[in-house]
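# Need a 3D model of the following:
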Amino acid sequence: MENGESLEEACLRENQEETDSHIDLGELYSIISVRKYNQVHFFFRARLLDLEFHPGAETSDIVLFNEDDIPWQEIAFSSVTITLRNYFRDRDNSFFKLHSNSI
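Below is the predicted model of the structure:
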């Protein structure tokens, strides 16, 4: 987050910087404390509004995957893996709740 920025504003800015995509920001979905690095990772659910996106300056590639095709071993951050696994479980149960974890 930047100074003076809300959590939602930070999410939208990061999304723009990383993917230049157009989203409809939903609710906060996952909070993960990463103790080793003194960080807290926040994830929101969002709806992609179109397929007009491309990598930003800090991103090398952007690819959309079906659940069965996700290269789990290539995901750089375990907080992303945890959040995705929770998402698919919640989606299968048709019930989304706020998740909080520490790693």
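# What is the least confident helix or strand in the chain by mean pLDDT packed up against?
Least confident helix or strand of the chain, by mean pLDDT, DSSP states H and E, is helix 7-19 with a mean of 93. Packing contacts for helix 7-19, counted by 3 or more CB pairs under 8 Å, 6 or more residues apart in numbering; DSSP states H and E, involve strand 23-34, strand 39-48. Every residue, glycine included, has its C-beta placed from N, CA and C.
# Dump the shortest one to CSV, restricted to CA.
Think strand 39-48. Output in CSV follows, covering the C-alpha atoms of strand 39-48 (Å, rounded to 0.1, in the frame of the first residue of the first chain):
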residue,chain,number,x,y,z
GLN,A,39,4.0,-9.0,5.4
VAL,A,40,0.3,-9.4,5.2
HIS,A,41,-1.2,-10.4,1.9
PHE,A,42,-4.8,-9.4,1.1
PHE,A,43,-6.8,-11.0,-1.7
PHE,A,44,-10.2,-9.8,-3.0
ARG,A,45,-12.6,-11.6,-5.2
ALA,A,46,-13.1,-9.8,-8.5
ARG,A,47,-14.8,-10.2,-11.8
LEU,A,48,-12.8,-9.8,-15.0
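# Adjacent strands (with direction) for that strand?
strand 23-34 (antiparallel) (DSSP bridges).
# what comes up buried for the strand it pairs with?
Buried residues in strand 23-34, defined by neighbour count with 16 or more other CB atoms under 10 Å: 23, 29, 30, 31, 32.
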